[in-house]
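A.B. asks: Coordinates for the following, if possible.
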Amino acid sequence: MKVLFIGIGSIAGRHIKNFKEICPHSHITVLRSGIGKSLPITLQGIIDKILFKASELEDWYDAVFVTNPTSMHYDTLLSYVDKSNYFFVEKPVFQLGTENIQMLQETNKTYYVACPLRYTNVIQYIKNNFNFSDVYSIRCISSSYLPAWRPGTDYRDTYSAHKELGGGVSIDLIHEWDYIHYLIGMPKEVKSFIRKKSKLEIDSDDIAVYIAEYEDKIVEIHLDYFGREAIRKIEFFTREDTIIADMIRQQIIWMKQGKQMEFKQERNDFQKRELAHFLDIMNGKCACDNDLKEACEVLRIARG
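C.D. replies: Here you go, the predicted structure:
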């Protein structure tokens, strides 16, 4: 396979290493701007070709990975739509205000938008074993400290810190809305508060709180950039029990029953599972289950 990566940040590096592990004989080309950091030593020898000019690209690739800053995703897809039939777009799908996807949809290409938390063991267990008609309310929280996200990198220089680059906790942590949508669908109505409240040196939003109404339940979501101890949990208030799914500790606890399940999984496990799923889409084994339209619908909710 010939694969093109556009952008070479930390998530692209992870995808490249995982892709080479899954498809060891693939040929990987990276197109980068030339203004970023030098290539990490862990990627040397894995990437087959590094280019700095689009004119040097080959005519066709089996897949294109769009892993540059969010603010560039839309224009990147328009510019390189003729390079492949299959595109893997890193989340969030687009920057604020860039949702005119009609031109892209008319190309009859396949655009898969990353949604890796769907492939964790915890979410898969919930998806396949919970009876959501017995759930009256769901409460989600994702709280973590932005300066600790990328060790060795000044958080003020990252896209997360800048609204114009597509940063802000409301869309940076779109995972919560994605897995809620994956589990129970789209809400009837959503109320939200999306603000900058901390003393972090950023111009993007650092807290987003939502209350969503479904036909038979209420969902609350809390996202922030300033929690000094990382928390990522889902609480299900059901007819018979209160169930806590801890995404960090990879466990589910039934509080009334006193039951507990442990799910041991490394981050790369679910990242590779998503890449394998993308390959299945390319090979016609399954449909694209998070396309541009679906990803933009979730983004609209996340943006408030």
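A.B. asks: What segments of the stretch 151-300 of the chain are helices?
C.D. replies: 169-172, 175-184, 267-282, 292-303 (DSSP state H, counting those that start in this stretch).
A.B. asks: quick one: stretch 224-234 to chain centroid distance?
C.D. replies: 17 Å (CA atoms, centre = their mean, to the nearest Å).
A.B. asks: Just the CA atoms of that stretch, as PDB, please.
C.D. replies: C-alpha atoms of stretch 224-234 as PDB (Å, rounded to 0.1, in the frame of the first residue of the first chain):
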ATOM      1  CA  ASP A 224     -12.300  21.200  31.000                       C
ATOM      2  CA  TYR A 225      -8.600  22.000  30.400                       C
ATOM      3  CA  PHE A 226      -7.700  22.800  34.000                       C
ATOM      4  CA  GLY A 227      -8.300  19.700  36.100                       C
ATOM      5  CA  ARG A 228      -5.100  19.000  37.900                       C
ATOM      6  CA  GLU A 229      -5.900  15.300  38.300                       C
ATOM      7  CA  ALA A 230      -7.100  13.600  35.100                       C
ATOM      8  CA  ILE A 231     -10.700  12.300  35.300                       C
ATOM      9  CA  ARG A 232     -12.600  10.600  32.500                       C
ATOM     10  CA  LYS A 233     -15.800   8.900  33.600                       C
ATOM     11  CA  ILE A 234     -19.300   8.100  32.600                       C
END
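A.B. asks: Residues in contact with that stretch: which ones?
C.D. replies: 126, 138-146, 160, 169, 172, 197-198, 200, 202, 206-208, 244-248 (CB atoms under 8 Å, 6 or more residues apart in numbering). All C-beta atoms are positioned from the backbone trio N, CA, C, and that covers glycine.
A.B. asks: Centre of the chain to the worst-scoring helix or strand of the chain on mean pLDDT, how far?
C.D. replies: Lowest mean confidence among the helices and strands of the chain (mean pLDDT, DSSP states H and E): helix 102-105, at a mean of 82. How far helix 102-105 lies from its chain's middle: 21 Å, per CA atoms, centre = their mean.
A.B. asks: Buried residues in that helix, which are they?
C.D. replies: Applying a neighbour-count criterion of 16 or more other CB atoms under 10 Å, the buried positions in helix 102-105 are Leu104.
A.B. asks: What of stretch 282-292?
C.D. replies: So for stretch 282-292, counting by 16+ other CB under 10 Å, buried means 282, 288, 290-292.
A.B. asks: and that stretch, average pLDDT?
C.D. replies: In this model, stretch 282-292 has a mean pLDDT of 95.
A.B. asks: Okay, angle between the lengthiest strand in the chain and helix 175-184 too, please.
C.D. replies: Longest strand of the chain, by residue count under DSSP state E: strand 226-238. Angle of strand 226-238 versus helix 175-184, following axes from the mean of the first three to the mean of the last three CA atoms, to 10 degrees, is 10 degrees.
A.B. asks: Please identify the buried residues of strand 226-238?
C.D. replies: Buried, per 16+ other CB under 10 Å, within strand 226-238: 226-227, 232-236, 238.
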